[in-house]
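Participant: coordinates for the following, if possible.
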Amino acid sequence: MTSSTGAVTRDWDGLTIPTAGTYALDAGHKRVGFVARHMMVSKVRGEFLDASATITVAEDPMQSSVTATIQAASITTGQGDRDTHLRSGDFLDVEKFPTLEFRSTGVKSRDGDEFVLLGELTIKDVTRQVELEVRFEGVGRSPFGQDIFGFAAHTEIDREDFGLTWNVALESGGVLVSKKIKIEIEGEAIRQA
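Facilitator: Okay, here's the model as predicted:
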C-alpha cells in the first residue's frame, strides 16, 4: 500500500507500519539519552552523541529485531569534568570498554502503537536482560525520497548491575549518584533495503 506521502506502508492490527526491510538509525535525527538523580535532589541529563542501530522490520512485525552500538566516549552531560569522570574507570572505562551494545531478543505487542522490546544490554562486558517500552511514532517519506519511521523508547536500569558501582555517601543521607538510571531513546530510521 502506498500512502498519500508516497511512503511504502502496510496495515497491521489497525496500525500503519513500514513494509518489511532493513532500516538504519538516522544519525541526524536521534537522541540516546539518560537521566540520573544527583545528590538525591535533582536530575542530571546526558546523552551519547555517537550511536548506530540496524532495525530489521520483518514480514511478521513481531519477529522484527534491533542491534545497536553506542560509542562510550561520546557521552556528554554538558559539564566537562563530569563527562571526564563518566569516561574513567570509575564508570564506563571507555579505554577498556569502548562500546555499549544492545541486541533484541523478542518483541511483545502491548497496546496500539506501544510495544515492549526485549533484549540484552552490554555495558563493560556485563550483559543483562532489559525491556524497552517502545512507542511507534509513525511512518512517512522524507523530502529526499527516503522511507522513514519514527520511534521513542525508554527503560530503567540499575547501573550497579553492570559494574558501575562508584558512589559517595552523603552526610545528609543517600548517595551522590542514583543507582537507577532512566534510558530515553528517540529517533528516525531510514530504509536501507
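Participant: sec struct for the residue sitting furthest away from the middle of the chain, please.
Facilitator: In the chain, E171 marks the outermost C-alpha relative to the chain mean, sitting 34.6 Å out by CA atoms, centre = their mean. Of the three states, E171 takes coil under DSSP: H, G, I helix; E, B strand; the rest coil.
Participant: residue contacts, it?
Facilitator: Neighbour list for E171: empty [criterion: CB atoms under 8 Å, 6 or more residues apart in numbering]. C-beta coordinates here come from the backbone N, C-alpha and C atoms, glycine included.
Participant: okay, it: pLDDT?
Facilitator: Looking at E171, its pLDDT is 70.
Participant: which stretches of this protein form helices?
Facilitator: 80-87 (DSSP state H).
Participant: and the longest strand for the chain?
Facilitator: Assignment by DSSP state E gives strand 21-38 as the longest strand of the chain.
Participant: in terms of contact, does E184 touch G33 like I think?
Facilitator: Yes - counting by CB atoms under 8 Å, E184 does reach G33; the two are 4.5 Å apart.
Participant: what's the burial count for the closest residue to L92 other than its chain neighbours?
Facilitator: In this structure, L92 finds its nearest non-sequential neighbour in A72, 4.6 Å apart by CB to CB, 6 or more residues apart in numbering. Applying other CB atoms under 10 Å, we find 21 residues neighbouring A72.
Participant: now A53
Facilitator: 19.
Participant: for it, give me the pLDDT.
Facilitator: Looking at A53, the pLDDT reads 98.
Participant: quickly list what it is bridged to.
Facilitator: A68 (DSSP bridges).
Participant: report the contact partners of it.
Facilitator: Here A53 is in contact with A24, L25, V66, T67, A68, T69, F102, G187, A189 (criterion: CB under 8 Å, 6+ apart).
Participant: could you export these to JSON lines, including columns for neighbour count, pLDDT and distance to T54?
Facilitator: JSON lines is the format used below for these (neighbours: other CB atoms under 10 Å; pLDDT from 0 to 100; distance: CB to CB, whole Å):
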{"residue": "A24", "neighbour count": "15", "pLDDT": "98", "distance to T54": "6"}
{"residue": "L25", "neighbour count": "21", "pLDDT": "97", "distance to T54": "8"}
{"residue": "V66", "neighbour count": "23", "pLDDT": "98", "distance to T54": "7"}
{"residue": "T67", "neighbour count": "14", "pLDDT": "98", "distance to T54": "5"}
{"residue": "A68", "neighbour count": "20", "pLDDT": "98", "distance to T54": "8"}
{"residue": "T69", "neighbour count": "16", "pLDDT": "98", "distance to T54": "9"}
{"residue": "F102", "neighbour count": "23", "pLDDT": "98", "distance to T54": "11"}
{"residue": "G187", "neighbour count": "22", "pLDDT": "96", "distance to T54": "12"}
{"residue": "A189", "neighbour count": "26", "pLDDT": "97", "distance to T54": "9"}
